[in-house]
Each structure stands twice: as C-alpha cells, then as structure tokens.
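Engineer: Test case, fold it:
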Amino acid sequence: MNKHLDEPDSLRADAEAQLVNTPATNELPRPVEELLHELQVNQIELEMQNENLRRTQVIIEEMRDRYVDLYELDHVG
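Structural biologist: Coordinates of the predicted model:
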C-alpha cells in the first residue's frame with residue numbers, strides 16, 4: 001500500500017501545505033452553524049466513501065484468494 005497514505009501526520013502536513021498555497025478569497029465569514037453543518041456533511045461523505053473502499057477491498061481480497069486457489073490447484077502440464 002502507499003506509504004504516504006499510511007502516515008496521517010504526513011497527509012495532514014500535505015493538506016496544510018496545499019491550504020497555504022490556495023489563494024485567499026474575499027468572501028465574508030460564514031456563520032458557525034453553517035460551517036459546522038458543512039463539516040458534518042463532509043464527515044458523513046468521507047465515512048460513506050471509506051465504507052465503500054472497505055467493501056471494495058474485501059471483494060478484491062476474495063477475488064485474489066479465489067485466483068490463488070485456482071492457480072495452486074491447477075494441474076501442471
């Protein structure tokens with residue numbers, strides 16, 4: 001697996017670096033309730049994406065195991 005994705009501190013540092021490099025906008029500050037709602041929606045989206053990734057990973061592992069079984073049980077010509 002990608003080493004970079006396994007290191008949350010590194011991922012956070014990269015995200016902060018991207019934020020620093022993002023040009024500032026001249027938008028007015030948003031109410032705290034609106035920001036909290038947006039964060040909660042984003043959190044739920046990420047949790048749903050994570051669950052989909054976990055299910056996909058299980059499917060891939062099952063397919064890999066099946067392939068290994070087929071390969072190991074194949075007759076040698």
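Engineer: Can you pull the poorly scored residue ranges out of this structure?
Structural biologist: Where the chain drops to pLDDT under 70, the residues are 1-6, 77.
Engineer: which residue ranges form the helices in it?
Structural biologist: Remark: helices assigned in the chain by DSSP state H are 8-21, 32-73.
Engineer: Need those in CSV (columns: mean neighbour count).
Structural biologist: C-beta: built from backbone N, CA, C; applies to glycine. Below are the helices of the chain laid out as CSV (neighbours: other CB atoms under 10 Å):
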stretch, mean neighbour count
helix 8-21, 10
helix 32-73, 10
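Engineer: Which residue lies nearest the spatial centre of the chain?
Structural biologist: The structure's the chain has its C-alpha centroid closest to residue 50; by CA atoms, centre = their mean the separation is 5.9 Å.
Engineer: Okay, it and residue 57: tell me how far apart.
Structural biologist: Residue 50 sits 10 Å away from residue 57, going by CB to CB, to the nearest Å.
Engineer: try residue 43
Structural biologist: Relative to residue 57, residue 43 is positioned 21 Å away (CB to CB).
Engineer: before we move on, back to that, pull the contacting residues for the residue nearest to the centre of the chain.
Structural biologist: Listed by CB atoms under 8 Å, 6 or more residues apart in numbering, the contact set of residue 50 is empty.
Engineer: Phi and psi next, for residue 25.
Structural biologist: Dihedral pair for residue 25: phi -110, psi 160, per degrees, to the nearest 10.
Engineer: same thing with residue 30?
Structural biologist: Note on residue 30: backbone dihedrals following degrees, to the nearest 10 are phi -90, psi 150.
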